[in-house]
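Enquirer: this one's sequence-less:
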């Protein structure tokens, strides 16, 4: 593959090597080190002038150090005249801080998105973002901002092939008076202002582990036709219904019924798992308290076996101990985060390799091809 370079950050060199091997490439030469005051230093060891550069760095381990290393690597390649720099971030850092859920809370995922753009990233490839609004980019979303001015949030004018020119905003001080006159003159809000719809102002490809998960289920769970796909919370309902539909099986979800402040929350199972294999599916697990309690709930509801399948296995704090003492047949994760050390202490952990999905996304991006195929297929 000419004019392409793949560099690895410090967070997950094994995954980076698998991606490079899949593409038939050598990893680019890069030296990362720290000064005595713990500042990160990066030296790109080969020319990237005019090259299509891909930097693989996952949001795991020493997250803040690895994020800073990624930003410096992006910037180093950009100022060395790389034609395009794509950050391949299998597990996106700070993805759980995606909304303002209490007073004075920061939206840190948006801050990380801004930092990547400012560093010089032209494109992001990631997997199973915790919140879909992180990935959205480009123009749009201005309707709410201008609703008070009487604009209709529509893009029906100026469409390609419509034969109508896109409306232009009036000169300063010449805005038509009244909503009806503004609409009549074709001044539609989303054509006037480039309001960002989401967190990024550069393209983002959010890949899905779902095809690899489906493949694993069919190959490793003998009774998969008699299973129920379960979400451990209401927020994952869309994910489990998609998997259940493709397997042609039932789905269920567990709802946390919040009681008074002095009482413990109660888990309510919505759906039937009696005499079935229950497969918990979620995008990530950290300390694993929720999925372990959910597993106990499913077993008490009559499930014959309980599996957990997660895209990002963070497994911090008491997670490994909880999994070892829980009723799981297996806890299956992808290798967006290194799991070798954790597997030594927890025989229940199994890993799905997603390097071929990321490698194919890189190949298709480099060649200007669509990545939509990867939303429903695992590359051979």
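Expert: Nice, thanks for sending it over. These numbers were taken from a predicted model, which means no experiment stands behind them.
Enquirer: only C-alpha atoms from now on, for both contacts and neighbour counts.
Expert: Noted.
Enquirer: tell me which residue is most central in this structure.
Expert: Closest residue to the average C-alpha location of the chain: residue 129 at 2.1 Å, with C-alpha atoms, centre = their mean.
Enquirer: if you drop the residues flanking it in sequence, what lies closest to residue 345?
Expert: Counting by C-alpha to C-alpha, 6 or more residues apart in numbering, residue 345 lies nearest to residue 320, which is 7.3 Å off, once chain neighbours are set aside.
Enquirer: what is the burial count for that neighbour?
Expert: By other C-alpha atoms under 10 Å, 21 other residues sit near residue 320.
Enquirer: repeat for residue 368
Expert: 9.
Enquirer: state whether it is indeed within a strand.
Expert: No. Per DSSP: H, G, I helix; E, B strand; the rest coil, residue 368 lies outside any strand segment and is coil.
Enquirer: model confidence for it, exactly?
Expert: On pLDDT, residue 368 comes in at 95.
Enquirer: ok, it to residue 2 distance?
Expert: According to C-alpha to C-alpha, to the nearest Å, residue 368 stands 14 Å off from residue 2.
Enquirer: again with residue 207
Expert: Counting by C-alpha to C-alpha - residue 207 and residue 2 are separated by 24 Å.
Enquirer: cool, residue 107 as well?
Expert: 39 Å.
Enquirer: can you give me the strands in the stretch 101-250 of the chain?
Expert: Along the stretch 101-250 of the chain, the segments classed as strands by DSSP state E, counting those that start in this stretch run 123-127, 204-207, 227-231, 250-257.
Enquirer: any chance of a markdown table for these, columns distance to residue 93?
Expert: Output for those, formatted as a markdown table (distance: least, C-alpha to C-alpha, whole Å):
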| stretch | distance to residue 93 |
| --- | --- |
| strand 123-127 | 10 |
| strand 204-207 | 14 |
| strand 227-231 | 23 |
| strand 250-257 | 26 |
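Enquirer: so residue 29 sits right up against residue 45, yeah?
Expert: Yes. Using C-alpha atoms under 8 Å, residue 29 is in contact with residue 45, at 4.7 Å.
Enquirer: so where's the stretch 151-300 of the chain uncertain?
Expert: Scanning the stretch 151-300 of the chain for pLDDT under 70 picks out the ranges 151-198, 258-264.
Enquirer: rerun that using 90 as the cut-off
Expert: Residue ranges of the stretch 151-300 of the chain with pLDDT under 90: 151-201, 233-236, 255-267.
Enquirer: how much space between residue 25 and residue 368?
Expert: Applying C-alpha to C-alpha, the value for residue 25 to residue 368 is 19 Å.
Enquirer: what about residue 344, how many neighbours?
Expert: A count of nearby residues for residue 344, using other C-alpha under 10 Å, gives 10.
Enquirer: packing partners of the helix or strand where it lies?
Expert: Residue 344 is part of helix 340-345, with elements assigned from DSSP states H and E. Under the contact definition 3 or more C-alpha pairs under 8 Å, 6 or more residues apart in numbering; DSSP states H and E, helix 340-345 sits against strand 349-352.
Enquirer: and if we set it to 10 Å?
Expert: Applying 3 or more C-alpha pairs under 10 Å, 6 or more residues apart in numbering; DSSP states H and E, one finds that helix 340-345 makes contact with helix 319-325, strand 349-352.
Enquirer: picking that back up, neighbour-wise, which of residue 29 and residue 45 wins?
Expert: Shown here are residue 29 and residue 45; by other C-alpha under 10 Å, residue 29 has more neighbours (14 against 10).
Enquirer: residue contacts, that one?
Expert: 5, 6, 7, 8, 43, 44, 45, 46, 47 (C-alpha atoms under 10 Å, 6 or more residues apart in numbering).
Enquirer: the residue nearest to the centre of the chain against residue 239, yeah?
Expert: No. Contact criterion C-alpha atoms under 10 Å: residue 129 and residue 239 do not qualify, at 11.9 Å.
Enquirer: give the residues shared as contacts by the two.
Expert: With C-alpha under 10 Å, 6+ apart as the test, residue 129 and residue 239 both reach residue 283.
Enquirer: so residue 52 is in contact with residue 366, correct?
Expert: Yes. The pair residue 52 and residue 366 qualifies as a contact (C-alpha under 10 Å) at a distance of 7.1 Å.
Enquirer: which neighbours do the two share?
Expert: Joint contacts of residue 52 and residue 366 (C-alpha under 10 Å, 6+ apart) are 2, 3, 4, 84, 86.
Enquirer: which of these count as buried?
Expert: Burial by neighbour count, judged by 16 or more other C-alpha atoms under 10 Å, picks out 4, 84, 86 from these.
Enquirer: which of those residues sits closest to residue 296?
Expert: Nearest to residue 296, judged by C-alpha to C-alpha, of those is residue 86 at 42.2 Å.
Enquirer: the inter-axis angle of the helix or strand harbouring that closest one versus strand 123-127?
Expert: In the assignment (DSSP H and E), residue 86 maps to strand 84-89. Calculated by axes from the mean of the first three to the mean of the last three C-alpha atoms, to 10 degrees, strand 84-89 forms an angle of 20 degrees with strand 123-127.
Enquirer: name the helices or strands packed onto strand 84-89?
Expert: Applying 3+ C-alpha pairs under 10 Å, 6+ apart, one finds that strand 84-89 contacts strand 4-8, strand 52-56, helix 63-79, strand 123-127, strand 204-207, helix 355-366.
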